[in-house]
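J.: Next input, structure requested:
(one chain, ligands or ions: 1)
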Amino acid sequence: MINQVRYTILINIFGKFMSKKICKKIMNRNKPNDVIYTPKEVALLMIDKCNIKEKDKVLDPCLGGGVFYDNFPPCNKQWCEIEKGKDYFDFNDKVDLVIGNPPYSIWNKWLEHTIKITNKICFILGVMNLTPPRLQLLKDNGFGITYFHILKVDWWFSPSFIVIWEKDKNSVIDFTGDRFTCDICNSGKRCNRGRTVKGKKCGMNECINI
Ligand SMILES: C[S@@+](CC[C@H](N)C(=O)[O-])C[C@H]1O[C@@H](n2cnc3c(N)ncnc32)[C@H](O)[C@@H]1O
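T.: All right, here's what the predicted structure looks like:
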């Protein structure tokens, strides 16, 4: 909704001078916290786990300073980077592997595009970004998690996960996409348990719905 309003404002003010495509690009311009470079040691670890072969088509979808791309072993490599005029969402060729550290503000769109162009994905995500709906999206599209690594980069906000997803492979971890809901009211929906509603605090072990 907010994006739509921003887009409408941009089109109204600048539409006479700029194409719709450029207005859209400005609207989607990087947020400052989207440009966060990966330490070389972490990129090397991710690359190592992907077992890249010389004949493989490997895509770094968001080059940044090139810490992934520059360190790939010999292979058929390609890159995208919005700041250099190569938008990942315009890249539609099929590749054997997409590997990198995507921009945090567009994770959903990023994953939706990635599953269309590859059968193997290696991304690093903050713990808050690996949400059940995103895991579900990958699972629904036939991707299993074949590698999972937990780490903390000293100056990053939260711990991170390195995850490799491969199409038609069994997953090494399980998850439950739906929430576990209250087993006191058994409404199957979000209730007041553990929450403060209109100043009234409902404890973790009680449900005031009943
Ligand atoms: C978290 S940074 C990671 C940079 C680099 N891959 C690294 O790990 O050091 C995300 C990068 O994505 C780029 N980016 C954002 N949107 C993009 C898009 N639509 N297509 C390609 N690159 C994009 C940003 O400019 C930024 O360089």
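
J.: Now find how far off-centre stretch 106-125 is within its chain.
T.: Chain-centre distance of stretch 106-125: 7 Å, with Cα atoms, centre = their mean, to the nearest Å.

J.: do stretch 52-65 as well
T.: Distance, centroid of stretch 52-65 to centroid of chain: 17 Å (Cα atoms, centre = their mean).

J.: Next: stretch 184-204.
T.: 31 Å.

J.: Could you check which residue of the protein lies nearest the ligand?
T.: Closest contact between the chain and the ligand, by Cβ to the nearest ligand atom, is at G64 (2.5 Å). Just so you know, the C-beta spots here come from the backbone N, C-alpha and C atoms, and that holds for glycine as well.

J.: didn't that residue look like it was pressed against N101?
T.: Yes - using Cβ atoms under 8 Å, G64 is in contact with N101, at 7.5 Å.

J.: Do me a favour and average the pLDDT over stretch 39-48.
T.: The pLDDT scores in stretch 39-48 average 98.

J.: Give me the buried positions along that stretch.
T.: Neighbour counts using 16 or more other Cβ atoms under 10 Å place V42, A43, M46, I47 of stretch 39-48 among the buried residues.

J.: Over to stretch 111-124?
T.: L111, H113, T114, I115, I117, T118, N119, K120, I121, C122, F123, I124.

J.: and the second one, what helix or strand is that in?
T.: Following DSSP states H and E, one finds H113 within helix 107-117.
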